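Enquirer: With the sequence up front, the predicted model follows.
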Amino acid sequence: MDRSSLRNAKKGQRFRIFDVVEGHPLSNRLVELGLCSGEWVTVVHEAPLSRDPIVLDVSGTRIALRRTEAALIIVDESSAQ
Amino acid sequence: MNSKTSSLTALVGLPNCGKSALFNALTGLRQKVANYPGVTVECVEAVLREDLGGGRALRMLDLPGAYSLTPQSEDENVTHEILVGNNRMGARPDALIVVADATNLRLHLPFVLEIVQLGYPVCVALNMMDLAEKSGMKIDAHALAESLGCPVVPTSALQQQGLQELAEKAAGLAVSAAKVPDDIKWSPSSREEIVARRKRVEDILRRTVLVPGTPSAFTAKMDAYLLHPVTGPLILLAILVLIFQAVFTLGAYPADVIDGLVGSFATYVRTGLPSGLMNDLLTDGIIAGVGAVLVFLPQILILFAALLVLEDSGYMARAAFLMDRLMGRVGLSGRSVLPLISGFACAIPAIIGSRSIQSPSQRIATIMITPLMTCSARLPVYTLLIAAFIPSLTIWGIFNLQGLVLAALYLAGVLFAFLFAAVLNLLKVIEGGGHFVLELPTYRFPSLRTVARGLIERARAFLVRAGTLILGIMILLWAISTFPRPPANATEPAIHYSIAGRLGRAVSPVLEPLGFNWKISVAMIPGFAAREVLVSALSTVYAVEANEDQQNSILTNRLKEDWSVATALALLVWYIFAPQCLATFAVMQKETRSWRWTLISFSALLILAWLAAFVTYQTASRFI
C-alpha cells in the first residue's frame, strides 16, 4: 500500500492515518489530540496565501498545525478521497 | 491539619472544557490569585459558594488547562508540578474534580483516565451537558462512573445545572477517608500507553453512550467564512479596527460623565475647605491626579471586555491560525498571537499568558517584545494628547482622524514588536524551526459570568492601583512640586523652585532634543512607576503652576498653550517604546528567570524610545 505524509495534503482531502512518526517533541501530543492510527483525518482549512498552517479534522476535533508537523503524520495514500 | 476547613479541591481538565466557567459557577465572584512556593505559579483560588457547600468551607483551585500530564508548555507544567511534580510541602490538593467536555468525550476522557490512575480522591464533571443533550446525545452516567471507577456528575456551568451535586461529591471526597497517597507515582506516558488509553476510551464510549449526538454544524459554517483565505483575514482586521473605534467613541461618553463628576467634586472641596496647603493637596494633588486616571476606566474596560469575549468565544485560536505564517517569518508562531493581543490590555497578564507557548525560546522572545504592544495604560496618555493636538476631522466619510492616529500608534507598536522579534531571530535567540499545534475549540456564546468576572477583576486591579500606587505617587509628586516654597520675590512660577523643578531641569538636557520641556521631564519621573501616571503628573504639574483664574481650565487647553505639535507627536512616539512600567519588568524577570533578557529588553526599548522621539521631533518641527 502506498504511504505518504500529510505535508503536501490539500484542502478537502481525507485520509486514514497509518502512524505518527516518533521522536519529535510534539509527536505524542498529536496522538493525544486524536491523530491515532486507524482514524480518518480531513484537511478542512489552509491558511491564507502560503497554505500553511492547515486545519485537520479528526473525529470532530479541529487541530491547526504547520505542514512541518503535518509531515509527522503518515497516511495511507490509497484512502485519499 | 483540619481537613474540614482547609482541604483543597483542584479543578483539572483540557483547555476549552469549560473548566473556568464551572469554577466561576461554583465559587461566585470572590477569588484570589494563589501563589505556590518553588515555582512561579499563579492559579486562581476561591472558596466554594456557601449555598453549595452546605456549611463547609471548601477551598477550590483552578489549575491551567492541560491535554495530559506530560507537559508541552509552561502552563501545562504548572498543572504537572502541582499534581505529580516533586512534592513541595502542602502544595498538593486533597481531592480533584476532572472536568470533561461531554460533547467531545473521545478527546477528553483519556486525560480523565490518566488522572484517575494517580490515586487522588477524584470525581468527574461531565460538563456542557446541556449542549450534549441538545445534540441528541444520551449517555449512561452511572455506567460511565462504574467504568471510570469514580463518581460522575453531569453539569452545565452555563445553565447552573449539577452544581449542587458536584459540590456535595467534592466536599464528600475532601473529608472522606480516602487520602492522597504520600508519593504519587507517575512517569511520562509511552506511545503504547497513550494508544492503550484511547482504546479503553473507545471501549467505554461503546458501552456508555446510548445515542451519539449529531454535532452542531455551526462551527464549521462559521469557519467557512472566518478561516476563508480571503474573508478570514479581512474579518480579523475588521474586528480589530472595530474594537479600537469602539474604545475611542463609545468610551468617550462615560468618560465625560466621570470627568464632570471629578471636576465638580474638586470645586466642591476647594470652596468647602479653607484655602491653604491642605486644600491644595486635596484638589491639585489627590483629586486632580487620581481623577485624571479614573476618566480612562471606561475605555480600558471596553477593551478588556472585547478581548475576553474574543477569547471566550473561541475566536482567538482562529486569529492564531490566521497569523501563524506571519509570526513564523520572525521566528514566532501563532501561539504568540494570544499573549500579544492581550498585551493590548496589559503586558503583565500577557507575559504570564505566554506560558502556553510550546517552545521555550519563542516564549522568551514573545515576553521580551510584549511591552511594545500598546497596553491600556498608554491609552490615557494617547487619548489626552490626541484630544489636545489632533483635530477631529472626518476622513473618507467614515474615519475620524483622531481614531486613525490612535490606530497608527497601535500599528507602530505591532510593527516594532515584529522588528524586535526579527532581530532576536537573526541573533539566534529563537532556536529551532518552532512548532505550532493548536486545537480550534467549538464556537460558544461567551459566558457572561466569565466575562463579567474578568472585567470585575481588571476594574478592581485598576482601581486598587489608582487608589494606592497612583495616589501615593500623586501625594509625593505634589510634595516635591510644592516644596521648597518659592522666595518672596519670585519671578518664575512656584514649581520652578521646587525639588521637582530642579529634578526636571537636571534630566532636561537629555530630553530636550526630543522637544520635551522640563515639565514633561518632571512628570515622566513618576511615570516610570506606571505609564498612566504621566497624565495625573502633568495635571499636577500644570495645576500647581497655574494662577487662580486659570485653575479650572482643563489640562488639554494648558497643553495646547504650552507645547508645539512636534513636542506632542514626539511624546506620543516616545510612549510607543518607553519601558515605563517597572511592574512589567519585574514580572518579565520572574517569568523568564533571567536578568539578562529583562535588562536587554528594558535597555533596547529605552534606546528605541529616545531615537524614535528624536527623529519625530526633529522631522515634525521642520515640517509642521
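Expert: Done, it's in. Numbering: from 1, shown residues only, chains lettered A, B, ... in the order given.
Enquirer: elements contacting the host helix or strand of residue B:382?
Expert: In the assignment (DSSP states H and E), residue B:382 maps to helix B:378-389. In terms of contacts (3 or more C-beta pairs under 8 Å, 6 or more residues apart in numbering or on different chains; DSSP states H and E), helix B:378-389 is packed against helix B:297-313, helix B:401-426, helix B:533-545, helix B:555-562, helix B:565-577. Heads up, the C-betas are built off the backbone N, CA and C, glycines and all.
Enquirer: Check which element follows it along the chain.
Expert: strand B:394-395.
Enquirer: ranges for the helices of chain A?
Expert: In chain A, the helices defined using DSSP state H lie at A:27-32, A:67-70.
Enquirer: tell me the contacts of the residue of the stretch 451-600 of chain B found nearest chain A?
Expert: In the stretch 451-600 of chain B, the residue that lies nearest chain A is residue B:592 (20.4 Å; C-beta to the nearest C-beta). Counting by C-beta atoms under 8 Å, 6 or more residues apart in numbering or on different chains, residue B:592 makes contact with B:364, B:367-368, B:598.
Enquirer: any idea how far it is from residue B:419?
Expert: Plainly put, residue B:592 is 20 Å away from residue B:419 if you go by C-beta to C-beta, to the nearest Å.
Enquirer: which bits of the stretch 101-250 of chain B sit near chain A?
Expert: B:104, B:106-107, B:110, B:189, B:191, B:194-195, B:198, B:215, B:219-220, B:223, B:227, B:229-230, B:232-233 (C-beta under 8 Å from any C-beta of the partner chain).
Enquirer: Which of those residues fall in helices?
Expert: B:106-107, B:110, B:191, B:194-195, B:198, B:219-220, B:223, B:232-233.
Enquirer: Let me have stretch B:520-527 in CSV, keeping just the CA atoms, if that works.
Expert: Once non-C-alpha atoms are left out, stretch B:520-527 reads as follows in CSV (Å, rounded to 0.1, in the frame of the first residue of the first chain):
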residue,chain,number,x,y,z
ILE,B,520,7.4,66.9,30.8
SER,B,521,10.6,65.7,32.3
VAL,B,522,9.2,66.2,35.8
ALA,B,523,6.0,64.4,35.0
MET,B,524,8.0,61.5,33.5
ILE,B,525,9.9,60.7,36.7
PRO,B,526,6.8,59.3,38.5
GLY,B,527,5.7,58.0,35.1
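Enquirer: who touches it?
Expert: Here stretch B:520-527 has contacts from B:473, B:476-477, B:481, B:495, B:500-501, B:503-505, B:507-508, B:511, B:516, B:533-534, B:537-538, B:540-541, B:567, B:571, B:580, using C-beta under 8 Å, 6+ apart.
Enquirer: Check stretch B:487-501 too.
Expert: Contacts of stretch B:487-501 (C-beta under 8 Å, 6+ apart): B:477, B:480-486, B:518-519, B:522, B:525, B:541, B:544-545.
Enquirer: what about residue B:67, is that helix, strand or coil?
Expert: Three-state assignment for residue B:67 (DSSP: H, G, I helix; E, B strand; the rest coil): coil.
Enquirer: show me the contacts for the spatially closest residue to it that is not a sequence neighbour.
Expert: Nearest residue to residue B:67 in three dimensions, chain neighbours excluded: residue A:32, at 5.2 Å (C-beta to C-beta, 6 or more residues apart in numbering or on different chains). Residue A:32 makes contact with B:67-68, B:110, B:194, according to C-beta under 8 Å, 6+ apart.
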